[in-house]
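In: Okay, predicted coordinates and the sequence, questions at the end:
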Amino acid sequence: TTSNSRTTLSATSDPSNRFSWVWFLLGGVGGASCLGLTGYYIFKSRDRKKDNDSSSFELKTFSHIEEGSSLSSIREGKKHTRIGKRYDLVNRISRKEARTLYEQTGIEIEFPDGKNRTDAVIGKGAFGKVRLAYNIETERFVGVKKIKGADQIAQSREEGELQSRLKGKPNIMPVLDYVESTDSNDNPVIYEFMPLAGFGNGENLRDHLQALSDPARKEQILTHVTNGLLTGLSHMHKAHIYHLDMKPANMVLDMQGEPFIIDFGCAKELPGGQVRKQMTGDTEYYSPERIAFYRQLCEGQPTDSIAADKIDAWALGVSLLELATGVYSFDRTPFSQKIRQWDYVYFQEKLDAIPLLKNPAPGSLLSIVKGLLDIDPQKRLSIEEALAQLAHIAPFSSLSAQRAAFADLKQQKPSSTKSPVPSLPRDQDEKYADVFTQRYGLTPDDVHPTGYELTPDFVQQQPSSQASSAGNPIPPSYEEVRIPAKS
C-alpha cells in the first residue's frame, strides 16, 4: 500500500510529468480538430465545385403540372436568377446540364468550340426569346418567356385565359405556371413557364421530312401529326375558341412525336363562330375569303362575316401542304400586294399547279389536305369533317413504333438552306395585318365607306401594277390600298 501511495504521489507531484500529460491531451484534441476542419473544408470545397458546375441534379419523374400562381418576389439565387419560389432562370448552361436537358426533353444545345458554357436560349416567340428555367421542386427543365410592357402583358393575360380554359385538352400546349414580378426599374413583368418540346416546331419537322427518303414513312408521320392538330383544333372550336394564326411555326412536337398547338396571341373566343371585324394573323396563311374580307375593309365596303372554323381549316391545309412538299405554296409578297392581287382565281391556279393535289386517292391524307384547301369556304372541309375522314387511318401500331419513327426522323439531317424570309419581331412583321394597318394608318374605327385617300408614304413604298399574278386586270380601286382620310 505504501509503495502504491508513493507511486501515486510521485506521479502527481512531479511537475514535468504533469505538463507532459497536459501537452499530450492538448495535442490529441488539436490533431482531431485539424482533421475535422480539414475534412469539413474538403467537403465544402467539393460542394462549392458542384454548385459552380451546376451539374449534380438527380432527376425525378415529372408527376404533376404546376397550378397558376401569382408570386410577387424575384431574387438572386445561388447559381441562377431565382424567379418566384420554385424556378431558377438558367442564363448560361454547362455541358453537363445540357446532357441532363437532352435526357429529359431531347433538346440539344450547341456549344462553341472550347467553351464549357453557353447562353441558354432555345427559341423565339411573339414576345421575345424563350429561355430555359429549372423547377427546383420537380427538378425538371422548362421553357420560360419574359413578358414586359403594359400592352404585351395585357395580351399575354388574355392569351393565358384562353389556354387555361383548354387545360387538359389533348394536343394543346398548356401553360404550367406564371410569376408576376417587377424588373430592376419597378416595371411589371410576367414570367410564363411551359413544357419543352424536344423535337422542335413545324418548320423543323418540315426540314427533317424533306431529308427522309421513304415516302411511306413520310406519309405515316404526316398522318399522325395531322390527326393530332385536327384533334387540338376540334377541342378549341368546341369551346368557341379559334386560333386564327395556324402555321408550321405555331405547332411543336415532343420527342415522342406528339404535336401541340402553341401561340394563342391571335386567338379569339367567338361564340357565334363568325369573324365580323379585323382580326390579325400571319397573312401568308390567310384564306381567299379572309383576303377578300380585308380588301373590303380597305375599300370601305360593307363586309360579310366569315366562318372562323373555315379560316383555321384553310391555314392548317396550307401548313400541312408545306410540311408535305417542303415549300410554301404561294408567293411571298407584301400584304399590300396580296390585297390587290390574291383573288379566288389566283388561289385556284396556284393549287392546280401542285402535283401532289392533282389526283389524290380517295380517303388518303392528301385528299383531306385538298379538301381543307377548297377555295369555296362552303365546300371546304371543316375540322370535324377532316377528323372523321382520318379516323379510319391508324398510322402507328403502338406508341413504341411511333417513338421509333420520330427518333429515326430526328436523325435525318436537313439541308442547310436558310428560309428566304428573315424573321422579324412580331410587332414589326407586316405579314400580320394589325402591324400593316397600324403602320399605314388604318384601324377598325377608321373603316367607313367614304372619305378615303392614299397616304403619301404608302404610295411611295408600293409598286404600281396593272395585272395580278393570275393574269387578271386589277380594278383601279385595288391598284393601291386606300387608307381612310383623317377628319
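Out: Yes, it's here.

In: make it CA atoms for all contacts and neighbour counts henceforth
Out: Will do.

In: So residue 118 lies in a strand, does it not?
Out: Yes: judged by DSSP: H, G, I helix; E, B strand; the rest coil, residue 118 forms part of a strand.

In: quick one: low-confidence ranges for the stretch 201-350 of the chain?
Out: By pLDDT under 70, the stretch 201-350 of the chain contains no weakly predicted segment.

In: and with 80 instead?
Out: 278, 298-300 (pLDDT under 80).

In: need the strands for it, in chain order.
Out: 241-242, 251-253, 259-261, 268-269, 274-275, 306-307 (DSSP state E, counting those that start in this stretch).

In: For residue 160, which of those strands is the nearest?
Out: strand 268-269 (11.8 Å; Cα to Cα).

In: which outside residues touch that closest one?
Out: If you take Cα atoms under 8 Å, 6 or more residues apart in numbering as the criterion, strand 268-269 is touched by 162, 240, 241, 242, 243, 244.

In: Scan those and report the most crowded one.
Out: residue 242 (28 neighbours; other Cα atoms under 10 Å).

In: who's it bridged to?
Out: residue 268 (DSSP bridges).

In: now it: how far from residue 385?
Out: 17 Å (Cα to Cα, to the nearest Å).

In: same thing with residue 237?
Out: From residue 237 to residue 385 the distance is 13 Å (Cα to Cα).

In: who's more crowded, those two?
Out: Higher neighbour count among residue 237 and residue 385: residue 237, with 21 against 15, using other Cα under 10 Å.

In: show me where the stretch 151-300 of the chain has helices.
Out: Applying DSSP state H, counting those that start in this stretch to the stretch 151-300 of the chain gives helices spanning 202-210, 215-238, 288-299.

In: what sits up against the first one?
Out: Helix 202-210 is contacted by residues 199, 218, 247-253, 322-326, 409-410, 412-415 when judged by Cα under 8 Å, 6+ apart.

In: List buried residues within those residues.
Out: Buried by 16 or more other Cα atoms under 10 Å: 199, 218, 247-253, 322-326, 409-410, 412, 414, out of the contacts of helix 202-210.

In: picking up where we left off before, out of the strands of the stretch 201-350 of the chain, the one nearest residue 229 is which?
Out: strand 259-261 (6.5 Å).

In: how about the helices of the stretch 151-300 of the chain, which one is nearest residue 169?
Out: helix 215-238 (6.9 Å).

In: okay, the closest one in CSV with CA atoms only?
Out: Only the C-alpha atoms of helix 215-238 are listed here, as CSV (Å, rounded to 0.1, in the frame of the first residue of the first chain):
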residue,chain,number,x,y,z
PRO,A,215,-42.4,8.1,-98.9
ALA,A,216,-44.5,5.6,-96.9
ARG,A,217,-42.8,6.6,-93.6
LYS,A,218,-43.2,10.2,-94.5
GLU,A,219,-47.0,9.8,-95.1
GLN,A,220,-47.2,7.8,-91.9
ILE,A,221,-45.6,10.6,-89.8
LEU,A,222,-47.7,13.3,-91.6
THR,A,223,-50.9,11.4,-90.9
HIS,A,224,-50.1,11.2,-87.2
VAL,A,225,-49.3,14.9,-87.0
THR,A,226,-52.4,15.8,-88.9
ASN,A,227,-54.6,13.8,-86.6
GLY,A,228,-53.1,15.5,-83.6
LEU,A,229,-53.5,19.0,-84.9
LEU,A,230,-57.1,18.3,-86.0
THR,A,231,-57.8,17.0,-82.6
GLY,A,232,-56.4,20.1,-80.9
LEU,A,233,-58.4,22.4,-83.2
SER,A,234,-61.5,20.4,-82.6
HIS,A,235,-61.3,20.9,-78.9
MET,A,236,-60.7,24.6,-79.4
HIS,A,237,-63.7,25.0,-81.7
LYS,A,238,-66.0,23.1,-79.3
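
In: Next, the angle from that helix to helix 202-210.
Out: 160 degrees (axes from the mean of the first three to the mean of the last three Cα atoms, to 10 degrees).

In: Buried residues of helix 215-238, list them for me.
Out: In helix 215-238, residues buried by neighbour count (16+ other Cα under 10 Å) are 218-237.

In: Walk me through the domains of this structure.
Out: According to automatic domain parsing, the chain comprises the domains 74-194, 200-484.

In: Could I get the average pLDDT for the shortest one?
Out: So the one you mean is domain 74-194. Mean pLDDT, computed over domain 74-194, is 83.

In: Isn't residue 250 up against residue 263?
Out: Yes: when contacts are counted by Cα atoms under 8 Å, residue 250 is listed as touching residue 263 (6.0 Å).

In: which residues are in contact with whichever strand or helix holds residue 144?
Out: Assigned by DSSP states H and E, residue 144 falls within strand 140-148. Strand 140-148 has contacts (Cα under 8 Å, 6+ apart) with 59-60, 62, 101, 104, 127-135, 153, 156, 187-196.

In: Parallel or antiparallel, which strands does it pair with?
Out: Assessed with DSSP bridges, strand 140-148 is paired to strand 128-135 (antiparallel), strand 188-194 (antiparallel).

In: mind checking how far residue 290 is from residue 265?
Out: 18 Å.

In: To clarify, my last question referred to residue 90.
Out: 25 Å.

In: For residue 30, give me the pLDDT.
Out: Looking at residue 30, the pLDDT reads 56.

In: er, residue 19 actually
Out: Value listed for residue 19 in the pLDDT field: 47.

In: Likewise for residue 361?
Out: At residue 361, pLDDT is 90.

In: any idea which helix or strand carries it?
Out: Assigned by DSSP H and E, residue 361 falls outside every helix and strand.

In: which residues touch the closest residue to it other than its chain neighbours?
Out: The shortest distance from residue 361 to any non-neighbouring residue, by Cα to Cα, 6 or more residues apart in numbering, is to residue 367 (6.4 Å). Applying Cα under 8 Å, 6+ apart to residue 367 gives the contacts 357, 360, 361.
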